[in-house]
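Enquirer: Got a sequence here, can you build the structure:
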Amino acid sequence: MHGIVHNTLKSYVGAKTDDETWNAIVERAGVESTLYLPVSHYDDVEIDSILEELASMAVQDRPAIERDFGRTLAPELYSTFDAHLDGEAGLLELLTSIESITANVERTTEETTLPDVTCTRERDRVVVVRYDSHRDYCDLAHGVLEGLVAEFDAEATVTERACTRNGADDCAFRVELE
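Expert: Presented below is the predicted three-dimensional model:
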């Protein structure tokens with residue numbers, strides 16, 4: 001997984017708790033403590049182990065933590081990959097360009113395997129974003145979309161329409177700008 005995710009998770013836990021808690025989570029998760037570089041790649045198992053341990057120590061369940069973390073991750077992803085956008089794109093332009101952005105990132109970054117993400121316009125101010133990944137981070141994807149809405153200071157709602165955990169082929173989220 002891209003280091004930006006690992007690095008942001010460490011910052012997220014630090015902001016919610018403290019460095020001692022982060023160190024305890026990493027130790028209990030059996031992950032080697034490391035300095036995560038945003039441009040490096042790390043094992044997916046580390047994120048899973050850390051999220052699982054965080055959920056076991058927190059008052060929230062893992063889906064809620066993933067979704068909250070996704071809101072924190074969104075601005076980091078946007079600032080890292082905004083070079084793949086043309087000009088001053090708004091939220092809808094970003095979402096409808098997501099397929100070409102992910103293709104550019106995969107083409108220009110070795111070792112990067114991104115989830116399959118597509119976006120179709122349902123109406124003028126409504127899009128459906130579909131997410132499919134072997135990593136099974138549906139709640140994280142939901143949070144990232146909510147974080148992008150906040151990053152663009154948009155008045156919009158993100159609603160889950162389908163989920164692989166409920167037997168769907170992919171996760172689908174409806175983003176409706178008000």
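Enquirer: Report all helices and strands that the helix or strand bottoming out on mean pLDDT in the chain contacts.
Expert: Least confident helix or strand, the chain: helix 98-108 with a mean of 80, by mean pLDDT, DSSP states H and E. Secondary-structure packing of helix 98-108 (3 or more C-beta pairs under 8 Å, 6 or more residues apart in numbering; DSSP states H and E): strand 116-123. Just so you know, the C-beta spots here come from the backbone N, C-alpha and C atoms, and that holds for glycine as well.
Enquirer: can you list the weak-confidence ranges in this protein?
Expert: The chain contains residues with pLDDT under 70 at 86-87, 109-112.
Enquirer: Pretty sure residue 139 sits against residue 66.
Expert: Yes. Counting by C-beta atoms under 8 Å, residue 139 does reach residue 66; the two are 3.9 Å apart.
Enquirer: measure the closest residue to residue 3 other than its chain neighbours to residue 69 for me?
Expert: For residue 3, ignoring the flanking residues on the chain, the nearest one in space by C-beta to C-beta, 6 or more residues apart in numbering is residue 40 at 4.2 Å. Distance, residue 40 to residue 69, by C-beta to C-beta, to the nearest Å: 19 Å.
Enquirer: How far off centre is the longest helix along the chain?
Expert: If you go by DSSP state H, the chain has its longest helix at helix 62-81. Chain-centre distance of helix 62-81: 5 Å, with C-alpha atoms, centre = their mean, to the nearest Å.
Enquirer: Identify each buried residue in that helix, please.
Expert: The neighbour-count check on helix 62-81 (16 or more other C-beta atoms under 10 Å) flags 65-74, 76-78, 80-81 as buried.
Enquirer: Check stretch 171-178 too.
Expert: Under the neighbour-count criterion of 16+ other C-beta under 10 Å, stretch 171-178 has 171-175, 177 buried.
Enquirer: Which of those residues fall within helices?
Expert: Going by DSSP H, the helices hold none of the buried residues of stretch 171-178.
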